[in-house]
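*Asks:* what would the 3D arrangement of this be:
(chains A and B)
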Amino acid sequence: MDFVLRTSKLISLEEAISKYVRNGDLIGLGGLSFWRKPMSACREIIKQKKKDLTILTFVGGLDVDMLVAAGCASKIRSSFVSIEIFGMAKNYREAVEKGTIEVVEESEASTALGLKASYLKVPFMPLKGIIGTDFTKIRSDIKKFKDPLGSETELMAVPKIDLDVALVHVNYCDEYGNANIQGAVWLDDDLAKTAKNTIIITEKLVETEDIVHLSRNAQIPDQSVQGVVRVPFGAHPTSCFPFYTFDPIHIQKYMDMDFKKYQEKYITNKSHADYLEEAGGAKSILEILL
Amino acid sequence: MRNNYTIDELMTVLLAREVKNDDIMIVGVSTPLVWAAFTLAKVTHAPDAIYHYIMGNTFVYEARQVSLLYLEMNLHRGYKFQSSSECTLESLPSDTLTTIEFFRPAQIDEYGNTNNVVIGDWKKPKVRLPGCAGIADFSMLYSRGQFFYCPRHDKRTFVSSDKMDFISGVGFKNGVKNVGGGSGPQCMITNLAYLTFDEETKRMKIGTIHPEVDLEEVQENTEFDLIIPENLETTKPPTELELKLLREKVDPLNIRKLEVLRGSEKENLLNQIISEELKKENKFPELLTPEP
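*Replies:* Purely as a prediction, here's the structure:
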């Protein structure tokens, strides 16, 4: 018998997006607001001109706004989409107001429990919240029911969310997909564990032995992961704690620029190195991010 | 005599006064005014209160200066880390934790129902707002009830219940307590007044009016009729100590003010905060400990 090794899942970002993200897919994006968002993957999706994607994320920001502006996303599922203190997510807002994209109104729990239902392979999860709100007027798939065990408690059934692809940016990962997140995890572990295909984009590529010695070990285990991509500073202009903060100067530029011009300058035909160069290069890395 | 404080300072102090020593203080996304208020409470009357950072999914004891760029350094000093799904499932809808969270509604009616989803018809909105995050899930479950604030008290925000475009947070809907079991709306702190809710009718009521504001101004900026108490009192202004701590220790960069300002004023302050914070040699926001 031959000497064999475990199969590495290392892959280029270009290949990962072209192989796993198909037009019309339901894509889960990790991170929250402008923290640890898989921005390099979003830029690659835009480069490859993917279409009709449904984007699901706990709290959306630049990720959602860019994918909408570039025409890649046709449906958004999120409990909150905003660039926070920098202002409204203008492209997202405009598209919803014009009716060019669809919104599936989510709350934090409808997203969290929807993924949990998928993980448990049950059609829905019960929720005490949402009762009395107008969610039921616009979400025919959320229904009130009475506790079948007889406590008379009224509950809401929120449906499972089965993702096609999860894109999660992390601090450390080995080549098999054991991923370690240093800061907040948000819903990233559930996104990764429930999606048919999960792509981990990592700042640092390490060996499994190193993951074992990191605090909190692997929040995402390798059996949930299909592809591992190494992209240092890949979350830029969002943060990747504790490696770098979000880039307020770049976010301000984004807010002031027409998206077509932004895309031309930072995304179209730009490698990741080109992108970082355009975004201020070593100077902004040293003076802003670190 | 003119007031010796600004409206963001008064509001921050009023929010802080709502915090009790055994509270779990939920710090939501994009709410520096609330964060400053919680931190002020920590260094004045509520040293044992615990931050629950939604941005970090952490429980944190330490009070540190409010920061815009480096706030992750504050929220990762947690003694307990969770994931958002654990927060959603376990800690937020708890009957035993005395949780306090301040919501900032885009619309609120006389019964404290709120809207953070859309202005206009949901299918073709005039304004698509960010969304309600966890308000729909948890607001009606909190045993201490719901707390609101609004830096711009006007008729766009304070609307009659029949004009609400969408209900994403349930108050005393139709004047009754929600089935969720929480205590329901408690107060609404605005730039004009401190509002409460009437025990019997569950309608919004004037608690106190801020110094130099008159009753007409409050009512004129509210679409529904407010209940007016027999003895109308003035809001107790911030004390010298509250102002000193807020200005010098808690939020010297005025980050909370971003929630109050708009247009070029906000833009200028934002630029100033960013450049001040980038200049800092030590990026860790200052740990706030009592002076010896």
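
*Asks:* where do the strands sit along the stretch 151-290 of chain A?
*Replies:* A:154-159, A:165-173, A:179-180, A:197-205, A:227-230 (DSSP state E, counting those that start in this stretch).

*Asks:* need the residues that contact the last one.
*Replies:* Surrounding strand A:227-230, the residues in contact under the criterion CB atoms under 8 Å, 6 or more residues apart in numbering or on different chains are A:8-13, A:16, A:19-20, A:40-41, A:173-177, A:197-205. All C-beta atoms are positioned from the backbone trio N, CA, C, and that covers glycine.

*Asks:* pick the most deeply packed of the strands of the stretch 151-290 of chain A.
*Replies:* Of all those, strand A:165-173 carries the top mean neighbour count, a mean of 28, counting by mean count of other CB atoms under 10 Å in any protein chain shown.

*Asks:* can you list the strands that that one pairs with?
*Replies:* In the sheet containing strand A:165-173, its partner strands are strand A:26-29 (parallel), strand A:179-180 (antiparallel), strand A:197-205 (parallel), by DSSP bridges.

*Asks:* tell me the mean pLDDT for the second one?
*Replies:* Looking back up the chat, that one is strand A:179-180. Here strand A:179-180 scores 98 as its mean pLDDT.

*Asks:* so how far is it off the chain centroid?
*Replies:* 15 Å (CA atoms, centre = their mean, to the nearest Å).

*Asks:* please apply the same query to stretch B:131-138.
*Replies:* 14 Å.

*Asks:* end to end on it, go ahead and measure it.
*Replies:* 14 Å (CA to CA, to the nearest Å).

*Asks:* contacts for it?
*Replies:* Against stretch B:131-138 from outside (CB under 8 Å, 6+ apart): A:59, A:78-82, A:105-110, A:127, A:129-130, A:133, A:135, B:28-29, B:54, B:88, B:92-93, B:101, B:103, B:114-117, B:168-170.

*Asks:* what mean pLDDT does it get?
*Replies:* The predicted model gives stretch B:131-138 an average pLDDT of 93.

*Asks:* how many other residues sit next to residue 276?
*Replies:* Picking chain A for this. Residue A:276 has 20 neighbours, counted by other CB atoms under 10 Å in any protein chain shown.

*Asks:* was after chain B, sorry
*Replies:* By the measure other CB under 10 Å, the count of residues near residue B:276 is 15.

*Asks:* which non-adjacent residue is nearest it?
*Replies:* Using CB to CB, 6 or more residues apart in numbering or on different chains and skipping residues adjacent in sequence, the residue nearest residue B:276 is residue B:253, 5.6 Å away.

*Asks:* shouldn't that neighbour be in contact with residue B:69?
*Replies:* No: judged on CB atoms under 8 Å, residue B:253 makes no contact with residue B:69 at a distance of 10.1 Å.

*Asks:* overlap of the contact sets of the two?
*Replies:* With CB under 8 Å, 6+ apart as the test, residue B:253 and residue B:69 both reach residue B:277.

*Asks:* more neighbours: those two, which one.
*Replies:* Counted by other CB under 10 Å, residue B:253 and residue B:69 do not tie: residue B:69 has more neighbours, with 21 against 18.
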